[in-house]
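Trainee: Predicted model follows, preceded by the sequence.
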Amino acid sequence: MIIGNKIRLCEKRLADALNDYIWQTDPELVQLDAAQRLTTTFSRYLSNYARELRYSPSTRRPFAVETLDGKHIGNCVYYGVDETKGEAELGIIIGNRDYWDKGYGGDVVATLVSYIFRQTNLNRIYLKTLDRNTRAQKCFQKCGFTPYGHMVRDGFNFVLMEIHRKQWQEHQTKI
Ligand SMILES: CC(C)(COP(=O)(O)OP(=O)(O)OC[C@H]1O[C@@H](n2cnc3c(N)ncnc32)[C@H](O)[C@@H]1OP(=O)(O)O)[C@@H](O)C(=O)NCCC(=O)NCCS
């Protein structure tokens, strides 16, 4: 378990499946994430979920985001770990709307980035978010991410953002 100021990052477990299913079938959340809305039944989702928990690849580290008193409010992940290039991609969702705009997302990102730079040899973390998702961009900027380009995929416009280990170290001295 990784402890932040407002949240803790925990190993994923089967008990997270129901919230994850709700969030992945929520039209607004799916749109904000430029993802496909799930159409599968919960029982089929659950059996795939159990399999993925058992066989998680080493290039992907998912976490449940919990409040410090143990409420599951979202998820985050780093994935596409490339040891040769020294980089990985970061993803986050705060699925529970009651926790938006209260600094939880920022604390998740800061805590995960800090964990990655302290516990691995990776030197760069990058992400993409929809260009109209200004809340997400603000959240990432607060944590030291800077934009480095744009990308269009499947008709969606994304802003690309990154943080290098050196920038992160400099950002640490400012906060
Ligand atoms: C994006 C997300 C992770 C951010 O988490 P969060 O807990 O809401 O973020 P924080 O409160 O730490 O930071 C959000 C910041 O954006 C600001 N903000 C809110 N709405 C905004 C808007 N429309 N435009 C610009 N900034 C906005 C908030 O005031 C806050 O800034 P502040 O801390 O200076 O006050 C979360 O809201 C979320 O998962 N949303 C739904 C799914 C989603 O967007 N997925 C895509 C993620 S790439």
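Mentor: Okay, I see it. Just so it is clear, the model here is predicted, and its values are computed rather than measured.
Trainee: C-alpha from now on. contacts and neighbour counts both.
Mentor: Will do.
Trainee: Report the distance from stretch 91-103 to the chain centre.
Mentor: Its chain's C-alpha centre and that of stretch 91-103 lie 11 Å apart, by Cα atoms, centre = their mean, to the nearest Å.
Trainee: Buried residues, that stretch. List them.
Mentor: Taking 16 or more other Cα atoms under 10 Å as the neighbour-count basis, stretch 91-103 is seen to contain the buried residues 91-95.
Trainee: packing partners for the helix or strand containing L53?
Mentor: With secondary structure defined by DSSP states H and E, L53 is part of helix 42-54. With contacts taken as 3 or more Cα pairs under 8 Å, 6 or more residues apart in numbering; DSSP states H and E, helix 42-54 sits against helix 17-24.
Trainee: Can you pull the residues of this protein lying near the ligand?
Mentor: Residues of the chain lying close to the ligand (Cα under 6 Å from any ligand atom) are 29, 32-33, 92-95, 99-106, 129, 134-136, 138-139.
Trainee: So which of those residues sit within helices?
Mentor: 29, 32, 104-106, 134-136, 138-139 (DSSP state H).
Trainee: Would you mind putting the residues you listed into JSON lines with pLDDT and neighbour count alongside?
Mentor: Listed next are those as JSON lines, based on pLDDT from 0 to 100; neighbours: other Cα atoms under 10 Å:
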{"residue": "L29", "pLDDT": "97", "neighbour count": "19"}
{"residue": "L32", "pLDDT": "97", "neighbour count": "14"}
{"residue": "Y104", "pLDDT": "98", "neighbour count": "22"}
{"residue": "G105", "pLDDT": "98", "neighbour count": "25"}
{"residue": "G106", "pLDDT": "98", "neighbour count": "19"}
{"residue": "T134", "pLDDT": "98", "neighbour count": "12"}
{"residue": "R135", "pLDDT": "98", "neighbour count": "11"}
{"residue": "A136", "pLDDT": "98", "neighbour count": "20"}
{"residue": "K138", "pLDDT": "98", "neighbour count": "12"}
{"residue": "C139", "pLDDT": "98", "neighbour count": "20"}
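Trainee: and which of those residues is nearest to L14?
Mentor: L29 (21.2 Å; Cα to Cα).
Trainee: what sits against the closest one?
Mentor: Neighbouring residues of L29 by Cα atoms under 8 Å, 6 or more residues apart in numbering: 23, 95.
Trainee: circling back: which residues sit against the helix holding L53?
Mentor: Contact with helix 42-54 is made by 12-14, 17-18, 21, as judged by Cα under 8 Å, 6+ apart.
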